[in-house]
Structures are given as structure tokens and as C-alpha cells.
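In: show me how the following folds:
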Amino acid sequence: MSVESLNESQRRHLLTSVEYADKLLCEIEEILTAASSKSPFPKYTIDVTPAQSKVIHDYIARIRAQMLRALDSQGIRPPAPHLGAIHSISAQLEFVQIALTEIRPKYMRGYGEVPESAFADLNGVVTELNTLVDKLDAYLAQGLGQDLGARLQRLQWSGDEADLLHRIERVISEQGLVELRSRLAIILDRLETQRFEIAVFGRVNSGKSSFLNHILRVNVLPVGVNPITAVPTRLVYGLEPRLTVAFADRRVEHFEVAKLPDFVTEQRNPGNSKGLTRVAVELPAPLLGEGIMFVDTPGLGSLATSGAAETRAYLPRCDLGIVLIDAGATLDEEDLTTIQALYAAGVPAFVLISKADLLTQEDLESTLAYTAERIRGYLGLALKVRPVSIVGDSAALSEAWFEEQIKPLYERHQQLARESVRRKIAALRDSVEAALRVKLHHAEGVRPSGVKSLRQVEKELRRAAGRILEETSACMEATEGMEKLAAVALGAAASRIVERWRQGGNAEGGIVTASVLETAAGAARQLYVRLDRLAKELNGALQQAARQLKVSEIPREEELVLALREMPQLDFRGERLSFKRSPFVSVAAPLVQARVQRRLKHLIGQGIEEALRSYRRILEAWVRRAIADLQGRFDLHADVYRAQLARLLGASEASPDEAERIRRDLADILGERRAEEE
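Out: Below is the predicted model:
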């Protein structure tokens, strides 16, 4: 048959028919590989022997070869693939999340009334699974060359630690310990930068940016009343000043350094609405030219809880932490949690009392002693607390501290960076070892004691995660009618005015302002109580899980509650109104009150509604951020517990070969440890 014997439509039909036939052959291959699938919902009973499977594959290969020859005889070439695998998988993950959303109780009511007792379980299933799907999608978004193994291969690094890290990466990949991938990625980040990172932490207005500007002798970090940084801002050496900003959509753009406030302040980038993932400022500053990087982190305990979450995520990445505590605001649970998290990640820390110029010498000494004693009492750490300042003669305190504690690091930064990485690798190795031991016990048929208790812990974690969704919906509904509270506030103001008249006093506009503020505060208080109760429920579930799993690091009782700090209050200043006393107030108070309320509504009702409407938007934003922060704190621990529970309660049996691989990997890790001990 010659090429010209078929017209274009016939050639297209030939191609599509062969393409469809190949699709059916792919489905046959999927049937044959179903035996190796880990799906809990198998579709086929595999009754094909390995020998038969080999013959079937051979025939499929022969059929495909013949189809290609048929196309070639007509001068037809199969089209090149036009879809990327990563893009297609990400699209499929979106459909997975849509399917999971359908599990939520409000979408299942069409199949019958859902018992209220099942709400938290169903919502918990959705939350847990969507969290994992999000992590997989984030992994795919890294792009080519960002896989941990590929990054390790590119490192020009050798020695015992390099060998151990390669082993750890192999074990994490082969044994499916995905929950440990993020910790390995942090170590690789450190090795790739080849810099010693010094990060400054502290609550909002603790003076972090001003302190860094001062000690580095630069003036680039924005300072002011509320310059809340959206993401950690890195200060590195560069021949010319330059600002580099990386965005969530993988764009990387360069700007003048003067543009920095447009990206790192809450005023110009509220809640990181611009989607930044990294901000770096290059400066020809001498103190940045020795392989040292300084990092200004978002303030903790602020309304910008998304920024606070960025800070907590960054904590393990630095090599040295500086925790600033405002002299006017003593050490609190947020500071203690930061110090604890640094040391838990193998990161040493300096604790400094900033704005020391505000205190007398006697008060300063008392503050230093109190702070050191509280850190020792709560965390068991004997840290020396130093005072610093950038004002007047007191600025000498900062220079003295910098010369004594930081300058020596410049000469030893490579050694210190290696020690920092070594500590992080050791901590990761311990986690891998613990996971392998659980897997090996399971492979050997050793079942954990207290299975019933472990299943209850798993259920409680799931129910706790589900409560987050429930309370998010409830809080959003509670804020929707905020402007309707104007009538309640006016009613309260009218009642007070009438009562003041009955007592013989005068009624002033301050009564209206007080009534509006109290009404709004009452509504906000109800929201806070709900979220406070949720935080304590989540923390209780984490503590129960930690005790049952015998985890050494148990979350502090206050850790999750810290996400709810600094709830915004209504800023309202009503007009100074005066009211002539009604002569009928003593005999017809209810009628007089109704008339006063109508008068108030006419005079100021619209202004109150607008103020409450604006407050509703502020409150909704705070609720979303607070809940996101709360969930981030919860998942930080819960993800680790879930992975451990999944290993302990897993139902699948390991083959002898799989069990042997686990023993070999564990021996590899243990052998490295024994070599160090000897």
C-alpha cells in the first residue's frame, strides 16, 4: 500500500485507532502489575503465573512493534508526548482533594443524616489526608534537580558525615520515611549555602531590625511601630547592593534595596499576600564578607500569624539563634518556646535583653537574673543573659557583646557550620533509627503492646484535626453578622441613657462609644473562648499521643494557645452627642428608651454599622491567621505521631527480603553510631 493510497481523514482514523488499541494494551499491563500495588482496594484477583506474565508482556511488545510498522508504512509518526508527568500528577492531586472534600459531613447529608458524633472523625480524615496531599504537591513543585538524592550528588563534600548523609538519604527513600524528608532538606540547605547563619528571633517590637542595622552598620531593614516582616530576610555579602525576591510561583526578581519595605512589612505586604518564599539583601558590608549570613525573622506573637508561622518553620535552619527580649516586656511562653525549639533542633542560642537603656542599673540586673533563672527552671538550660541597646552610651553594651561573642565566630565559621550540620545529622539519624526499629519489629511479627490504646490515640488525633475544620466554619459564621450588632449596641446605649436620666444625671456621647466597644468586645470574646477551648483540646490530644508513644519531647500546655495572642479590638470613637432629658422618663421609661434608640440610629447608626463591618473584616482575617497558625503548631507534632502510629499499627506483612533490607539498613545506621562511640 503506498503512502498516497489513504486520504488525510483515513490516515487520522488509522492513527487514532492504533492509539486507542495501545491504550487498551496499557490497561492490560496495569492488570498484570496490580499484584505489586499497595492499594487497599484491589480490583483483580491475580491468577497469572510469573511465566505467563512474561509471555503476555512479550506479546504486547510484539503487537506494539507491528502497530508502529503499520503506521510507518503510511508515513505516519506517533505524536510526541504533550503533557508533563508532574503537571498531570498535580492535576490529579487536585481531583484527589475534591474527592476527599466530599467526605465532609455537610456533603454526605444527601446520603442520609450524619450523626453529630461522627462530624469530627470525618472532618479529621479530610484534614489529615489533605495535609499529606499538600505535601506531595509541594514536593512535585520543587522541579527537576531539587530531589534530595540529586542535591546530595551535586555537593562537593566528602568525609564520614557525607557518607552517613548519603546512607540516611537512601534509607529514607527506600524505606518510605517521607515524614523525615523535610529535616534532610534542611541539612542540604545548610550544606549548599556554605554560610554560617545567625538568625535573630523575638516578639514584635523587640527591636530585631534596629539591632541588626546597628551591629552590622547598615540601614536597610525597615523599623517603626509595626514593621512585621512577612518572611525571613537574609542579609548576605554582595559587591553591589541588590534585593532578590523569590515568589511562590517560582519567579525570582531583583530590585533596588530601597524596595525592601514593599515586601517585608505588614503594611505593604499584609499576611504575605504577595506570596514571597525568600528575600535576600546583598550588601558590600564588611561584616557580611566572611561567610556569615544574618537573618531577620518575622515577629512572634503578632497579628501577622502567617509570618510567625514562617519563623517557626525557619527555626531549625539556622546555625545560631539570637533571641531578643524587650526590656519593657519580660520573658514569656513564646520566648521560652523559641529557645526550646532552637535547642531541640541542635541550634545554640544567645538570649539578649534589648532596649536595656530603658532600665535603671538595679532593674536591669534584676531582669537579667530573673530571665536566666526562668530559662533554667523551665528548660533546664544554663544560659548567660546579656543586655544590649542601640541608644546613646548604652550602645556600648551591644558593641561589647558583639566583639566578645560574635566576632570570634568569623574566624571559626566553617568549623562552626560543620559542627552545626553534624548535630543536625545526628538528630536525623536518631529519628531514622527509631523508625527502622519499629518497622523491623513489625516485619518480625512483633506487635506493639496496648494496640487498643494506640488506636484510641490515633482516633483522638484525627478527631482533634477535625475540630479545626468545625471551629473554622463556626467562627466564620459568628463574624458574618457583626454589623447587625449595631442595633444591640444602640439598644444598650439607649438603656444607659435612660437609666442616667432616671438617676438625675446627664447623658453624653461617651455612653454610645462605650456601648459599641463593649458590644464588639463581647462578640470577639466569644470567638476567643471558642478558639482557646480548641487550642486546649488540640494540645491535650498531642500530649496524650506523646505519652502513649513515649516521645521525649512533649508539647507544652501553652504552646498552641500562643497562636491566639493579640486579638484585634474595635477602634471606634463616637461623636460627642448630647441629649435633652425627657420629662416622661420616670413614668414611661420603655417608650422613652425606644425613642432614644431611634434617635441614635438616625444620628450615628450608619457610622456604627460601617465601623462594625470594617471590624468584621479585620476579625475574620485574624481568625483565619490564628487558626492557620494553630493548625501549623498542631501538625508540627501530629504529623510525626501519625507516621509512628501508622508504622506501629500497620496491617501489611513484610516479606523475608524486606525484613532483611530493614535489618541491613538498621545495621548500617547502628554501625556508624558504634564507630563514633568507640
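In: outline the domain layout of the protein.
Out: The chain breaks down by automatic domain parsing into domains covering 3-73, 85-144, 194-414, 455-649.
In: so which of the ones you listed is nearest E444?
Out: Proximity to E444 (CB to CB) singles out domain 455-649 among the domains of the chain, at 13.3 Å. In short, each C-beta sits where N, CA and C put it, glycine included.
In: tell me how far the ends of the closest one are from each other?
Out: Criterion CA to CA, to the nearest Å; first-to-last residue distance in domain 455-649 is 8 Å.
In: tell me the mean pLDDT for it?
Out: Here domain 455-649 scores 79 as its mean pLDDT.
In: same question for stretch 181-198.
Out: Mean per-residue pLDDT for stretch 181-198: 75.
In: now that stretch: buried residues?
Out: 181, 183-184, 186-188, 190-191, 193, 195-198 (16 or more other CB atoms under 10 Å).
In: how about stretch 323-338?
Out: 323-327, 331-338.
In: ditto for stretch 468-483
Out: So, applying 16+ other CB under 10 Å, buried residues of stretch 468-483: 468-472, 475, 478-479, 482-483.
In: could you do stretch 106-119 as well?
Out: Neighbour-count burial for stretch 106-119 flags F119 (criterion: 16+ other CB under 10 Å).
In: kindly export that stretch (C-alpha atoms) in PDB.
Out: These are the backbone C-alpha positions of stretch 106-119, laid out as PDB (Å, rounded to 0.1, in the frame of the first residue of the first chain):
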ATOM      1  CA  LYS A 106     -22.200  18.600  55.100                       C
ATOM      2  CA  TYR A 107     -21.600  16.900  51.700                       C
ATOM      3  CA  MET A 108     -22.700  13.500  53.000                       C
ATOM      4  CA  ARG A 109     -26.200  14.600  54.100                       C
ATOM      5  CA  GLY A 110     -27.600  13.700  50.800                       C
ATOM      6  CA  TYR A 111     -27.000  10.000  51.700                       C
ATOM      7  CA  GLY A 112     -28.800  10.400  55.000                       C
ATOM      8  CA  GLU A 113     -28.400  12.400  58.200                       C
ATOM      9  CA  VAL A 114     -24.900  12.200  59.500                       C
ATOM     10  CA  PRO A 115     -24.700  11.600  63.300                       C
ATOM     11  CA  GLU A 116     -23.200  14.600  65.000                       C
ATOM     12  CA  SER A 117     -20.800  12.300  66.900                       C
ATOM     13  CA  ALA A 118     -19.200  11.500  63.500                       C
ATOM     14  CA  PHE A 119     -18.600  15.100  62.400                       C
END
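In: list the contacts of that stretch.
Out: 101-102, 105, 122, 466, 470 (CB atoms under 8 Å, 6 or more residues apart in numbering).
In: mind putting those residues into CSV with distance to D363 and secondary structure?
Out: Shown next, in CSV, are the contacts of stretch 106-119 (distance: CB to CB, whole Å; DSSP: H, G, I helix; E, B strand; the rest coil):
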residue, distance to D363, secondary structure
T101, 56, helix
E102, 60, coil
P105, 56, helix
L122, 55, helix
G466, 48, helix
E470, 47, helix
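In: in ChimeraX, how would I select just the buried ones from these?
Out: With 16+ other CB under 10 Å as the burial test, the buried ones among those are selected in ChimeraX as follows:
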select :105,122,466,470
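In: and the contacts of stretch 106-119, which is closest to K23?
Out: Taking these together and measuring to K23 by CB to CB, the closest member is E102, at 27.9 Å.
In: ramachandran coordinates for R278?
Out: phi -160, psi 140 (degrees, to the nearest 10).
In: quick check: beta-bridge partners of it?
Out: Using DSSP bridges, the bridge partners assigned to R278 are A246.
In: got the contact list for it?
Out: Counting by CB under 8 Å, 6+ apart, R278 makes contact with 231, 234, 244-246.
In: in stretch 126-142, what counts as buried?
Out: Buried-residue list, stretch 126-142, by 16+ other CB under 10 Å: 126-130, 135, 137, 139.
In: now these as JSON lines including pLDDT, distance to A349 and secondary structure?
Out: Converted to JSON lines, the buried residues of stretch 126-142 look like this (pLDDT from 0 to 100; distance: CB to CB, whole Å; DSSP: H, G, I helix; E, B strand; the rest coil):
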{"residue": "V126", "pLDDT": "86", "distance to A349": "38", "secondary structure": "helix"}
{"residue": "T127", "pLDDT": "86", "distance to A349": "33", "secondary structure": "helix"}
{"residue": "E128", "pLDDT": "85", "distance to A349": "33", "secondary structure": "helix"}
{"residue": "L129", "pLDDT": "86", "distance to A349": "36", "secondary structure": "helix"}
{"residue": "N130", "pLDDT": "85", "distance to A349": "34", "secondary structure": "helix"}
{"residue": "K135", "pLDDT": "77", "distance to A349": "29", "secondary structure": "helix"}
{"residue": "D137", "pLDDT": "77", "distance to A349": "34", "secondary structure": "helix"}
{"residue": "Y139", "pLDDT": "73", "distance to A349": "31", "secondary structure": "helix"}
